[in-house]
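# Give me the fold of what follows.
(chains A and B)
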Amino acid sequence: MFSASAISNFWISLEVMGLGMFGIFTVILAIMGVVVVLTKAGSKAEKSEDE
Amino acid sequence: MEFLLSGILAIQPEQIVMYAIGGLLIYLAIAKGFEPALLMPMGFGAILVNLPLSGVVNQVTAGIGEVPGIIQWLFETTIESSEALPILLFIGIGAMIDFGPLLSNPKMMIFGAAAQFGIFFTVCVASLCGFDLKDAASIGIIGAADGPTSILVSQIFKSNYMGAIAVAAYSYMALVPIVQPFAIKLVTTQKERMIRMPYNPKSITKTTRILFPIIVTIIAGLVAPMSVSLVGFLMFGNLLRECGVLTSLSQTAQNEFANIITLLLGITISFSMRAEQFVTWQTLLIMCLGLLAFVMDTIGGVLFAKLMNLFLREKINPMIGAAGISAFPMSARVIQKMALAEDKQNHLLMHAIGANVSGQIGSVIAGGIILYLIPTFIK
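As a prediction, this is how the structure comes out:
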């Protein structure tokens, strides 16, 4: 039903899917971590200013 | 008198099909309000480039030689050789986006990653359908729900299907209010759609708002270098907005600049809608695959939210996951509307907007990762 090249490309696509989703989650989690740190640092600075 | 008939006699049946497609795009833009800023110029452009012996594409004239056509020139200089138009548009998009809801609720950021699943799923299906890897990746990126990213990736991969990909990307973005509710209802129960989520935003300092675009650019650039042109210009636009000292530049980027680029992008991309390229069975297949990409993006986001709920004490309404696509702000509005339809007191808009702006970042990172990964697999 599917040509040999289509099957071969499909297996490569699966690998791309795994690596791609891993890459996106890695970048987003890294950004998320930095945002959490920035927000905490910002709120601490605000509190100390208020005091 | 023969010269008056030369155009009429040169019409091919495929060109008549393109006039109908152009007319349909104009109708959808004007009568239905589907992405009018893009679909109207694309529809009109589709008619322009398919008129026989059209002066908007290069023509060879006896005794003169090649006469340049304006749309072909625009395409070759601003898309083919430099990818300038889709990239520059990101400055305007970045200047329009307020990342505040995301910064005050960073948990939502994860859905901007999960809802890119449709891109990779569609790459796999397109490969099985017989498209080569570059074309399959260009088709899959329709799932980024982000027109400029789709155009950029298909151009860098020199895909023959750029016209169909652009039409699919912008059409389905306009159809988000129809596509997403259908896909969400496929994988959620009414009880799940009624989950309430309290909104307790944290205050965001100006320093955080200024540092955010710079840090995102550096992180994305280090992990996925090919995404720098996309993420970098998106975040440059956002820095113009947030820095507070370039208000007039920010306003220009959001309005006049974005409008000029959008206008030119629509009419220029129509060069890839010439009948010989567009009227093929592959175009129909690409439209189907584009729809699949949007549906699987939505399902990917929803299922990821359901997976998170297995471990969280305070449950997330799984519909929020669907807002992780890049179609901003339509997707967030769809989620809010669906939540209110189930429970009139359930306000999810701010959560959904957080996930939705994260989708903007996720989609350009996905574009960069696709651009980096695919060439490494091509021998």
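# does A:Ala30 really touch B:Ile219, like I thought?
Yes. Assessed by CB atoms under 8 Å, A:Ala30 is found in contact with B:Ile219 at 5.0 Å. (Glycine included, C-beta is placed from N, CA and C.)
# More neighbours: which of those two?
Ranked by neighbour count (other CB atoms under 10 Å in any protein chain shown), A:Ala30 and B:Ile219 place B:Ile219 first, with 20 against 17.
# residues in contact with residue 21?
Picking chain A for this. Listed by CB atoms under 8 Å, 6 or more residues apart in numbering or on different chains, the contact set of A:Met21 reads B:113, B:116-117, B:120.
# I was thinking of chain B, sorry if that wasn't clear
B:43, B:46, B:273, B:278.
# What parts of chain A come near chain B?
With CB under 8 Å from any CB of the partner chain as the criterion, chain A meets chain B at residues A:2-3, A:5-7, A:9-10, A:12-17, A:19-21, A:23-32, A:34-36, A:38-39, A:42-43, A:45-46.
# out of these, which are buried?
Neighbour counting with 16 or more other CB atoms under 10 Å in any protein chain shown marks A:6, A:9-10, A:12-13, A:16-17, A:19-21, A:23-28, A:30-32, A:34-35, A:38-39, A:42 as buried within the residues of chain A next to chain B.
# so which helix or strand takes in B:Leu264?
helix B:258-269 (DSSP states H and E).
# what comes into contact with that helix?
Contacts to helix B:258-269, defined as CB under 8 Å, 6+ apart, come from residues B:37-42, B:44-45, B:48, B:71, B:74-75, B:78-79, B:85-86, B:88-89, B:91-93, B:95-96, B:147-148, B:151, B:162-163, B:166.
# In helices, which of the buried ones among the residues of chain A next to chain B fall?
Here DSSP state H is the test, and these give A:6, A:9-10, A:12-13, A:16-17, A:19-21, A:23-28, A:30-32, A:34-35, A:38-39, A:42 as lying in helices.
# Okay, now the unreliable bits of chain A?
Counting by pLDDT under 70, the ranges of chain A that qualify are A:50-51.
# got a list of what B:Asn58 touches?
Counting by CB under 8 Å, 6+ apart, B:Asn58 touches B:66-69, B:72.
# so for stretch B:215-227, what's the average pLDDT?
Summarised as a single mean, pLDDT over stretch B:215-227 is 87.
# now stretch B:128-148
The average of the pLDDT scores along stretch B:128-148 is 91.
# That stretch vs chain A: in contact?
Yes. Using CB under 8 Å from any CB, we find that stretch B:128-148 touches chain A at B:128-133, B:136-137.
# Out of those, which end up buried?
B:128-129, B:131-133, B:136-137.
# contacting residues for the nearest residue to B:Pro106 once chain neighbours are set aside?
Nearest non-adjacent residue to B:Pro106, counting by CB to CB, 6 or more residues apart in numbering or on different chains: A:Val35, 4.5 Å away. Contacts for A:Val35 (CB under 8 Å, 6+ apart) come out as B:102-103, B:106, B:109, B:208, B:212.
# Report the contact partners of the residue nearest the centre of chain A.
Centroid-nearest residue in chain A, with CA atoms, centre = their mean: A:Phe25, separated by 2.4 Å. Contacts here follow CB under 8 Å, 6+ apart; on that basis A:Phe25 touches B:110, B:113-114.
# Let me have those in a markdown table, adding secondary structure, neighbour count and distance to B:Ser229 as columns.
Below are the contacts of A:Phe25 laid out as a markdown table (DSSP: H, G, I helix; E, B strand; the rest coil; neighbours: other CB atoms under 10 Å in any protein chain shown; distance: CB to CB, whole Å):
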| residue | secondary structure | neighbour count | distance to B:Ser229 |
| --- | --- | --- | --- |
| B:Ile110 | helix | 23 | 25 |
| B:Ala113 | helix | 29 | 20 |
| B:Ala114 | helix | 27 | 24 |
